Structures are given as C-alpha cells and as structure tokens.
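> Pasting the sequence and the predicted model now:
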Amino acid sequence: MRAHRLLGSEPYDDVEGQGLHARGRAGLKRVLFGIAAGLALGLAVSNPQAGPSVQGQVCQLLTKEEVLEALKASEAKNPGRPPTIRVEKVEEDESLAGEKVCIYFYSLEWNRGDKWDHLIRVSYQRDKGALEELKEVKSKMGRPNYPVERLPGMGEEAYWVDNIRLYVWVKGGLLKIDHGFRGYQKDLSILLAKRALARIR
C-alpha cells in the first residue's frame, strides 16, 4: 500500500500529511506575523511621528508650577513688579496648520486693583514645516525692521525674534515660545525653554 501511495496510483486520505501541512501553515503565519511586527516597529523608530512623541503631548513640556516659578523670577527683576502672579488656566489648542500649541493664561495683579492678563504659547514640531520656518527666521537676520538675535548655548541653534518669540532647534524639531502682544520677555523665554528642552527626547 505504501508503494502505491508513493506512485500516486491509489487515491487515499493521508491524515498524517494533512497534519504536517496544517502545522506548516501555522508556522508560516507566525513567521509572517513576526516580520510584520518587526516592520511596524522599525517604522515607528525611524519616523518620530509614528509613535508617542512630545509634539503630541505639548502641554507636558512645562507644568503650570514651572511657568509660575519662571514668571516670578522674571518679574522680580522689574522695579514695578506685581505682588500677585497667577497662572489661571492651561489649554491645548491647534493652529490652522495643524500645529499643537499649549497656552498658559496668566495674570499680573497689583494692590490698587490693576490686573493685566497675558498668555504664553508653547509648541514643538518635528516636520518639514518646522525646518522651513527655521530657515525663514534665519533668512531675516540683519533686517532692521525685523530684529532677529541669535542666542548661544541653547539647543543646536536658538533665535529671539521680533522681541516676542523664541525659536530653538533641538532634536530635529522646533521649540517655539510666543508671548502674543507682550514683548520684551527674552529672559522669561530662556527660563521656560531650558525647562522644556530637558523633556524633549
């Protein structure tokens, strides 16, 4: 009977052979699954936007307490410093270009009842747009109507722009700290950036 089976002259149900084929298919599935998992992991490592990244968790760059501490240190240098500083709210927002931004709303209050409300916007992006924005900032250096100051010792390169915004290129991305309509906050921006840079991986 074995000879007939080898020659293929007699039909039969080879249960043992079918079991081998089934085990072979199961092994092949495991191999293919392993290859797919490896490729997915490789893509996540090579592409910083594929996995968890700080640009998707921008409000984790600076805590509310750290912003308040930096504000107090910065305002302490001013002769008319306010006796009360409050960070009232922290919100995450998204720009029209899809950039995640963390907004810190704070107030400066004096005993006579004066209260000034301000905000700080913080963002970090790793994409082609971030690199283009950095190039645009650098291209404006030396223009009298658009002051750009290069700051040494921060990230790979850093710029204080138009007296309201700090740009720091670090770990292949652009950290931005923006003070809206409140200008001349360079010292405060540097304090905040040093805190944030320590969390960028």
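Received the coordinates, thanks. Please read all numbers here as calculations on a predicted model, not as lab measurements.
> Tell me where this protein has helices.
2-7, 15-46, 64-75, 128-139, 186-197 (DSSP state H).
> weakest of those helices by average pLDDT?
For the helices of the chain, mean pLDDT drops lowest on helix 2-7, to a mean of 38.
> wait, isn't residue 85 in contact with residue 107?
Yes - in this structure, residue 85 is within contact of residue 107 by Cβ atoms under 8 Å, at 7.3 Å. C-beta here means a position set from N, CA and C on the backbone, and glycine is covered the same way.
> Comparing these two, which residue is more hemmed in?
Neighbour totals were compared for residue 85 and residue 107, and residue 85 leads with 18 against 14 (other Cβ atoms under 10 Å).
> List the contacts of that one.
68, 71, 72, 75, 106, 107, 108, 109 (Cβ atoms under 8 Å, 6 or more residues apart in numbering).
> so what's the third one up against?
The contact partners of residue 72, by Cβ under 8 Å, 6+ apart, come to residue 85.
> how near is it to residue 115?
Residue 72 is 16 Å from residue 115, where distance means Cβ to Cβ, to the nearest Å.
> try the second one
As judged by Cβ to Cβ, residue 71 and residue 115 stand 14 Å apart.
> the more surrounded of these two?
A direct count of neighbours by other Cβ under 10 Å for residue 71 and residue 115 places residue 71 higher, at 23 against 11.
> Appreciated, that's everything.
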